[in-house]
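Visitor: Task: produce atomic coordinates for the following.
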Amino acid sequence: MTSNAPAATPRMKPWIAAMHAYVPGKSSAGVPVVAKLSSNENPWGPSPKAVAAMTQVLAEGHRYPDPAATGLRAALGAKFGVDPAHIICGTGSDEILHMIASAFAGPGDEIIHVRHGFAVYEGATRRVGATPVVVPDVDYTADVGAILAAVTPATRVIYLANPNNPTGTLLPADEVRRLIAGLPTHVILVLDCAYAEFVDGDYEDGLVLAQRLPNLIVTRTFSKIHGLAAQRIGWAVAPLAIIDALERVRGPFNVTTTGQAAAVASLGDDAHIAMVRAETIRLRDWLAGEIAALGNAGLRAIPSAANFILVEFPEAGPVTAAACNAWLLDHGIICRYLAVQNMPRTLRISIGTEQETRTVAAALRDYVEGASEGTSA
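Guide: Got it, this is the predicted structure:
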């Protein structure tokens, strides 16, 4: 006997249906690209020592990588004064952020992140069926009091980027410590320090604290200052009980052989890292000054401690973020328009090379002048 009833089809879990796929920064503009400043990449590339290290291990491509990233964890431990037993590595720090939610939260649990935080946090939360709790910030900066007030018995994890992405803002060390001290020990604080190397001033990186506190995880990455974004290498420091939990959900062989070799070599090239840091800070400060000079048109550079600057535009009028983004794309300059993160008044501009940074500054000035005169095209 046959039935005319429609065949059943697979149905995703309702919390997965509530998710949105992560939207990365654009990599093409429809015209020849003059400057790609959309993904906070290191425009000077990786250390030559890292490139050489990757080349040397290519012939081992038929072998699985070291599943425990033993050499990399040892190198990280020696570099940062951390016991390697407290370190776990991942396919970028993104994987570790997802691992944390998988290990410690699920349906009925809550995970906190700030309103203008990294988009991966909500995705990691919804992926495991937990409830995202979005806390308001103050002028694009995390509000420790508001975070603490949002904690409930159902709270399991707090994600906090410092410096923050996509705003670039920084919580000073005393505020980070106040947050840590105010949390109940059943709540894990994830201190996402992807941009730590670009901070120029008072900073709490949490690495020492994460080895002795029961509920602090610090995540780091080789995608930014080390210029190894294509290799996808992240790492975290946490108490041993948390490391044990994360190891249970970590994918096997999750960091490639080339990635491990490149990361170890990059850790040994202090001169290259110092150059990238110095140039980034110099050009960041210079670009912030150029944007400040456009303040009469309503543009504002949010103070940044990262390798990018968030630019706020007027909500309406001749000069807007949406129109500027379209104008820049037409001229081959790719920035990150943040309407997708409910920030339609903002563009995030990564710091590029000297030429790229000067190019985007000149383009912003040309757009503002043309829009103000009604001649931008």
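Visitor: D143 versus the nearest residue to V134 once chain neighbours are set aside, what's the distance?
Guide: Distance criterion Cβ to Cβ, 6 or more residues apart in numbering; nearest residue to V134, sequence neighbours excluded, is R115 at 5.4 Å. All C-beta atoms are positioned from the backbone trio N, CA, C, and that covers glycine. Taking Cβ to Cβ, to the nearest Å as the measure, R115 falls 9 Å from D143.
Visitor: The strand or helix carrying V311 - contacts with which helices or strands?
Guide: Following DSSP states H and E, one finds V311 within strand 308-312. Strand 308-312 sits against helix 270-292, strand 300-302, strand 346-350, with contacts defined as 3 or more Cβ pairs under 8 Å, 6 or more residues apart in numbering; DSSP states H and E.
Visitor: Secondary structure of P166: a helix, I assume?
Guide: No: in this structure, P166 is coil, not part of a helix, as judged by DSSP: H, G, I helix; E, B strand; the rest coil.
Visitor: if I look at the residue nearest to it when sequence neighbours are not counted, how far off is H186?
Guide: Among residues not flanking P166 along the chain, R348 sits closest, at 4.8 Å (Cβ to Cβ, 6+ apart). Note on R348: its distance to H186, by Cβ to Cβ, is 34 Å.
Visitor: Looking at those two, which has the bigger crowd around it?
Guide: R348 (26 against 12; other Cβ atoms under 10 Å).
Visitor: and the more buried one, bridged to which residues?
Guide: Under DSSP bridges, the beta-bridge partners of R348 are L310, R336.
Visitor: okay but it is in contact with L310, surely?
Guide: Yes: between R348 and L310 there is a contact under Cβ atoms under 8 Å: 5.2 Å.
Visitor: Between those two, which contacts overlap?
Guide: Common contacts of R348 and L310 (Cβ atoms under 8 Å, 6 or more residues apart in numbering): 166, 338.
Visitor: Under the pLDDT cut-off, which ranges of the stretch 1-150 of the chain? List them.
Guide: 1-3, 26-29 (pLDDT under 70).
Visitor: Contact partners for the residue nearest to T70 when sequence neighbours are not counted?
Guide: Spatial nearest neighbour of T70, chain neighbours left out: P84 (7.9 Å); criterion: Cβ to Cβ, 6+ apart. The neighbourhood of P84, defined by Cβ under 8 Å, 6+ apart, consists of 70, 73-74, 76-77.
Visitor: list the contacts for N307?
Guide: Contacts of N307 by Cβ under 8 Å, 6+ apart are 40, 42, 195, 198, 224-225, 280, 284, 350-351.
Visitor: Show the backbone phi and psi for it.
Guide: Note on N307: backbone dihedrals following degrees, to the nearest 10 are phi -100, psi 40.
Visitor: Look up how far P163 lies from it.
Guide: 9 Å.
Visitor: Identify the contacts common to these two.
Guide: Common neighbours of N307 and P163 (Cβ under 8 Å, 6+ apart) are 195, 198.
Visitor: Throw the contacts of P84 into TSV and include neighbour count, thanks.
Guide: As requested, those are exported to TSV (neighbours: other Cβ atoms under 10 Å):
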residue	neighbour count
T70	12
R73	22
A74	13
L76	23
G77	16
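Visitor: Now the common contact residues for R115 and D143.
Guide: 135-137.
Visitor: now, which of those sits nearest A297?
Guide: Distance to A297 across those (Cβ to Cβ) is lowest for D137, with 25.0 Å.
Visitor: Which residue ranges make up each domain of this structure?
Guide: 22-44+271-373, 48-268 (automatic domain parsing).
Visitor: Nothing else from me, thank you.
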